[in-house]
Structure formats: structure tokens, C-alpha cells
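Trainee: sequence first, then the predicted structure, then my questions.
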Amino acid sequence: MGKVLRVLVLVTVIVLVLLAVPALAAPADVEAEAPGLVQVLKMLAQGIGVGAVIAFGFEKVKWFQAMGAETKWWTILGVSLVLPILAEIALQFVPAATWALLEPYWMAIASGFLAWAGSQTVHLVHRLLTPLS
């Protein structure tokens, strides 16, 4: 197995373990679910997950990939600083009733995203384990 392949398998295993730990730590009568919209915004406001959001958002965007290394560096820095500020502004100025109204839609989107991420993980593992023909 090549070095890149081993790294991908390791990253996949680590992600799966991180996803499983909260479910294992939860009491038996509590179901694990995606974090709520306000919880996600609070994490972003604290800088938690900002890098992951940026990487996921820019990874496949052609205009970003077409930028030079220096421009990418400054763009990532700018978004890394602005995203937590925007999350904090949203938490402070959007009424609680609006968050309550948006929450079911957020949970539907988050559940769909988790299903997509699961399918991508299975696809990656299948690709890694299937010999090239």
C-alpha cells in the first residue's frame, strides 16, 4: 500500500472513530444526532471547525483553485477571521424565535449532509480496498 493510500485509510479511521465516540458516550436512552444550528454557530464563533468549513467549501471551487498560492493564503486567512465574526453577529442579532423556526430545516440538511458524508466514506474505503484493474 502506498504512502498516500495509508494516510487516507488512517484519516478515514480517525474520522469514523471521532464520529463513533459521542454515540458511544451517550446514555443508552439518548440518540446521537447532528448538532443544532445554534450549536454549530456557537462552535464557529469560537473558531471550532472553521478550518474544516473553509477546506470543504473551497476544495472543489474552480475560481479558488485557479488562484495563486499567495492569494489563496490571504483568502483563507480572511475567511478564517470573518467566519467566526459573522457567526457571532448572527447569534447576537437574530431572534431566538427565528432560530427555532429554522432548526427543523437545519436538522434535515445536516442529516442529509451526514448521509452524503457516509456515502463518500464508504466510496473511499471501497476504492482503497478494490484493486486497480
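Mentor: That came in fine, so what should we check first? Numbering: from 1, shown residues only.
Trainee: now do the helix or strand where Val53 lies: which elements does it pack against?
Mentor: Using DSSP states H and E, the element containing Val53 is helix 50-58. Contacts defined by 3 or more CB pairs under 8 Å, 6 or more residues apart in numbering; DSSP states H and E place helix 50-58 against helix 69-93. C-beta: built from backbone N, CA, C; applies to glycine.
Trainee: what are the contacting residues of the helix it packs on?
Mentor: Helix 69-93 has contacts (CB atoms under 8 Å, 6 or more residues apart in numbering) with 38, 41-42, 44-47, 50-51, 53-54, 58, 64, 67.
Trainee: ok, back up a step: how far does the helix holding Val53 sit from the chain's center?
Mentor: Its chain's C-alpha centre and that of helix 50-58 lie 7 Å apart, by CA atoms, centre = their mean, to the nearest Å.
Trainee: what are the buried residues along the very next helix or strand once past it?
Mentor: Sequence-wise, the next helix or strand downstream of helix 50-58 (DSSP H and E) is helix 62-65. For helix 62-65, the neighbour count (16 or more other CB atoms under 10 Å) marks no residue as buried.
Trainee: now do helix 62-65, average pLDDT.
Mentor: For helix 62-65, mean pLDDT rounds to 91.
Trainee: please identify the buried residues of the longest helix belonging to the chain?
Mentor: If you go by DSSP state H, the chain has its longest helix at helix 96-129. Neighbour counts over helix 96-129 (16+ other CB under 10 Å) mark 99, 106, 110 as buried.
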